[in-house]
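Engineer: build me a structure from this.
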Amino acid sequence: MDQITFHHDTVLSDVHMLLPNTCHLMTRLNYVGQPVFISKFKILSDGEKLDNNDPGKALKDADDYDDPKEGREKNTEATQGKDGEGCGEGNMKPFLDEDGDLDITHRPRKSPMGGSSRDLVCPIILKQSNPVLQQEEENVDDEVDKCFKGIIRIEHTMATPLEDVGKQVWRGALLLADFILSKPATFRGTTVLELGAGTGLTSIIMATIAKTVYCTDVGEDLLSMCKRNVLLNRHMTEHSGGEVRVRHLDWLQHDLCTDDDVEFSWTEDEVADMHKNTTFIIAADVCYDDDLTDGLFRTLYQLCSNFTHSCTVLISIEKRMNFTLRHMDVSCKAYDHFRHCLSQLQDLVDGRCSFSVEQLPSNFAQFLLYERIEQLELWKVIITPLPFDQARPAGERWKIGRLAASL
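Structural biologist: Model (predicted):
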């Protein structure tokens, strides 16, 4: 049988690593043999939501989550005396070895293993995903949907290679979801396109308010996971009348796939509806690679050039710090390239559209539990078509098109 191999270049989202007291339950293996987990994200009510006038402050007083630091502090208080000395009852001194180092007594095992060494544990794939079993599970989910009111259930993987990070949940998606929930009147009844949707969490949140959400990404396995998440959370979207349509959209291709034989392809009516009615384009934490960032801005330009109306683009990003030996300093290359592309777009004198770029404050209310660090940013781009009499000659528009393609 095939074996699960863990590589040195795998990455793990802080959402899955740091979310307090969350039980990541493995549910199945996906089509490529990766373990799939399910996590629950509760949408806080008005009385529970967090005030984020101080971005990055620690989460406290959440009903269903406990701060892991709290338990450590309690344990520390229980083992220390009033003056902070001692270790346990009677202010016992800690045991030191002959070199003066702290000698730690390990907790005895409940099931001691024979011998001093253990065999190497290597996870084995027992079975691949079965579409028939998945359909049966979806039918069972119909009966339990009503038990998850106000809770988003998301299937995801963990510790993936860089090319599969879309299968994880990232803080940028939660930040963008918070903004959506804090401005319901802005998005109510609209048609929305999400680029690089990943697990689909932000699209699902958006569909609780918007009318139609085109949830797009690439890769059959990722899109299948996204579609399953939409089905898992239809109790959230059907109540509001919103609809999520999972579709394939490759930033490196110029045209949308409308082949009926290809799963997650577009219909001609959907393409027309998207071009005619989309008023918001959203993207969450998709600018971690320069080539992908270039592809994102090319796609934005191509899409909005076909619109006859104004469109607002919302992009969330996390500024990730990296120390480089070359510069002997902390740098944010992916973020710097993103800002460069924003600057190019704002300065672009286009024959069809005008572009306005603005960073939004991150002090809106927090409806989902995560650590809203100060490195999380939300950017708004407003793309407005110019009147016909202001349009440039065809030859000049061609030059502008080449400039836009270089973004």
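Engineer: contacts made by stretch 235-249 with the rest, please.
Structural biologist: Taking Cβ atoms under 8 Å, 6 or more residues apart in numbering as the criterion, the residues outside stretch 235-249 that touch it are 145-146, 148-149, 152, 195, 197, 200, 203-204, 206-218, 223, 226-227, 230, 256-257, 262-266, 270, 299. Glycine gets a C-beta too; all of them are placed from N, C-alpha and C.
Engineer: same thing but at 7 Å, please
Structural biologist: The set of residues that contact stretch 235-249 without belonging to it, under Cβ atoms under 7 Å, 6 or more residues apart in numbering, is 145-146, 148, 152, 195, 200, 203-204, 207-216, 218, 223, 226-227, 230, 256-257, 264-266, 270.
Engineer: quick check on these: which are buried?
Structural biologist: By the neighbour-count criterion of 16 or more other Cβ atoms under 10 Å, the contacts of stretch 235-249 include these buried positions: 145, 148, 152, 195, 200, 203-204, 207-216, 223, 226-227, 230, 256, 264, 266, 270.
Engineer: go through these and flag which are in helices.
Structural biologist: 203, 204, 207, 223, 226, 227, 230, 270 (DSSP state H).
Engineer: can you list those in a markdown table and add distance to residue 248 and pLDDT?
Structural biologist: Output for these, formatted as a markdown table (distance: Cβ to Cβ, whole Å; pLDDT from 0 to 100):
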| residue | distance to residue 248 | pLDDT |
| --- | --- | --- |
| 203 | 14 | 98 |
| 204 | 18 | 97 |
| 207 | 19 | 97 |
| 223 | 6 | 96 |
| 226 | 11 | 96 |
| 227 | 11 | 96 |
| 230 | 15 | 97 |
| 270 | 12 | 97 |
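Engineer: farthest-apart pair in those residues, please.
Structural biologist: Pairwise distances among those were taken by Cβ to Cβ; the largest, 18.6 Å, belongs to 204 and 270.
Engineer: which helix or strand contains residue 254?
Structural biologist: Using DSSP states H and E, residue 254 falls within no helix or strand.
Engineer: so where's this protein uncertain?
Structural biologist: Residues of the chain meeting the criterion pLDDT under 70: 1-8, 18-24, 53-95, 97, 100-148, 323-329, 388-407.
Engineer: all strands of it, in order?
Structural biologist: 25-29, 35-42, 151-156, 191-194, 212-217, 243-248, 278-284, 311-318, 322-324, 329-331, 353-360, 376-385 (DSSP state E).
Engineer: possible to save those strands as a markdown table with distance to residue 10?
Structural biologist: Putting these into a markdown table (distance: least, Cβ to Cβ, whole Å) gives the following:
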| stretch | distance to residue 10 |
| --- | --- |
| strand 25-29 | 16 |
| strand 35-42 | 12 |
| strand 151-156 | 14 |
| strand 191-194 | 25 |
| strand 212-217 | 20 |
| strand 243-248 | 25 |
| strand 278-284 | 21 |
| strand 311-318 | 18 |
| strand 322-324 | 17 |
| strand 329-331 | 22 |
| strand 353-360 | 32 |
| strand 376-385 | 23 |
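Engineer: can you tell me which of those is most buried?
Structural biologist: strand 212-217 (a mean of 26; mean count of other Cβ atoms under 10 Å).
Engineer: can you tell me what sits against it?
Structural biologist: 166, 191-198, 200, 203, 206-207, 223, 226, 242-249, 274.
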